[in-house]
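S.K.: Okay, sequence plus prediction incoming.
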Amino acid sequence: MISETEADRLFRRFQIQKFDARRMAPSVSMTVEVDVTDLVQLRTLVNGRRSDKKHVTISHIVNKAACDVLTDFPLLFASFDGKKVVPNPELVLSVPVDIENHVEYLVIHRPNGKSLDEFVEGSNAELARIQGGEGEFRRYLRSVMRMPLWIRRLVMRIPGQDIRFLRNRYGNFAVSNFGSFGIDRGTVAISRPMIASMCFGRIARLSVGRDHDGNTAEILPLSMTFDHRAVDGGYVGRYLSSLRQLLESADRLASMLG
């Protein structure tokens, strides 16, 4: 018998509604491999000068870099209402967090406008609330689920309500860290009105150069899944290339890490 908590059941109900078959997007996934050798070394160097509470993780850096690059690719955090693309006034990042037997969501508004330290501080504070059972999204979901089902369905039929939900509560761009479970790589599912989401796998040390001459590099796989009705592969490819350039640039990373 599988033991479920009240929170497990609450978030399972949300997942079922979120991934309703009628809302699933005809999606495409693209993957790039990023040489993060310099990133890993810089992170170690920077954390050696910081207190434990201010340590920067690979996830912090990848998430923040992804958001900074998204500033130049607003289609990826816009919304698709089934007929047209609706621009969003701000980027809202959603980061799934594994808790008990369910996933909760760490939501950060305007992450591209924050410094890395502000981003880390805000992420850690909300993560602590999530782990304590008082995450912002859980509190919102508890209050909503107290409403009768017919009222919830009526509210969601209001034009644009699902887009406002992403802007205000859930986020309009999500990044998942599969590598935290030791998973090499993967892809994510998306449902309307979200247009794109990203995930990354575990960092692997691979041989590089000709004839495996002993040189190695730390390689991070990044995958983007997107609604092909709303955006084309060329646009997504340029985004992934720009993100890879940032994560592979020692000078730009040093500037970000301070």
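M.R.: That came in fine, so what should we check first?

S.K.: And the helices in the chain, which stretches?
M.R.: Secondary structure of the chain by DSSP state H: the helices cover 6-18, 37-47, 58-70, 116-131, 136-145, 149-156, 161-165, 233-247, 250-257.

S.K.: Not including adjacent chain positions, what is the nearest residue to Y170?
M.R.: Once flanking residues are discounted, Y170 sits nearest to S94: 5.7 Å by Cβ to Cβ, 6 or more residues apart in numbering. (Each C-beta comes from the backbone N, C-alpha and C, glycine too.)

S.K.: Of the helices of the chain, which shows the lowest average pLDDT?
M.R.: Least confidently modelled of those is helix 149-156, at a mean of 72 by mean pLDDT.

S.K.: gap between it and the chain center?
M.R.: Its chain's average C-alpha position is 28 Å from that of helix 149-156, according to Cα atoms, centre = their mean, to the nearest Å.

S.K.: now do stretch 10-26
M.R.: Distance of stretch 10-26 from the chain centroid (Cα atoms, centre = their mean) equals 17 Å.

S.K.: how about that stretch: buried residues?
M.R.: Of the residues in stretch 10-26, 10-11, 14, 25 count as buried by neighbour count, 16 or more other Cβ atoms under 10 Å.

S.K.: hang on, the earlier thing: so for S79, which of the helices of the chain sits nearest?
M.R.: Closest approach to S79 among the helices of the chain (Cβ to Cβ): helix 161-165, 4.5 Å.

S.K.: And the closest one, what's buried?
M.R.: For helix 161-165, burial by neighbour count (16+ other Cβ under 10 Å) applies to 162-163, 165.

S.K.: Now do the end-to-end distance for stretch 170-189.
M.R.: Distance between the two ends of stretch 170-189: 15 Å, counting by Cα to Cα, to the nearest Å.

S.K.: show me the residues around the closest residue in space to R238 that isn't next to it in sequence that make contact.
M.R.: Nearest residue to R238 in three dimensions, chain neighbours excluded: F73, at 7.5 Å (Cβ to Cβ, 6+ apart). For F73, the contacting residues are 235, 238-239, 242, by Cβ atoms under 8 Å, 6 or more residues apart in numbering.

S.K.: Nearest residue to the middle of this structure?
M.R.: Taking Cα atoms, centre = their mean, the centroid of the chain lies closest to V175, which sits 1.5 Å from it.

S.K.: If I look at it, what pLDDT would I see?
M.R.: Per-residue confidence (pLDDT) for V175: 98.

S.K.: Make sure it is actually in contact with N63.
M.R.: Yes. At 5.3 Å, V175 and N63 qualify as touching, with contact defined as Cβ atoms under 8 Å.

S.K.: overlap in contacts of the two?
M.R.: Here V175 and N63 have 93, 95 as joint contacts, going by Cβ under 8 Å, 6+ apart.

S.K.: what about the residue nearest to A65 when sequence neighbours are not counted, neighbour count?
M.R.: Distances taken as Cβ to Cβ, 6+ apart put L246 closest to A65, at 5.1 Å, once the chain neighbours are dropped. Counted with other Cβ atoms under 10 Å, residues neighbouring L246 total 20.

S.K.: Over to M156?
M.R.: Neighbours of M156 using other Cβ under 10 Å come to 11.

S.K.: what about it, distance to V107?
M.R.: Noted for M156: a distance of 19 Å to V107, by Cβ to Cβ, to the nearest Å.
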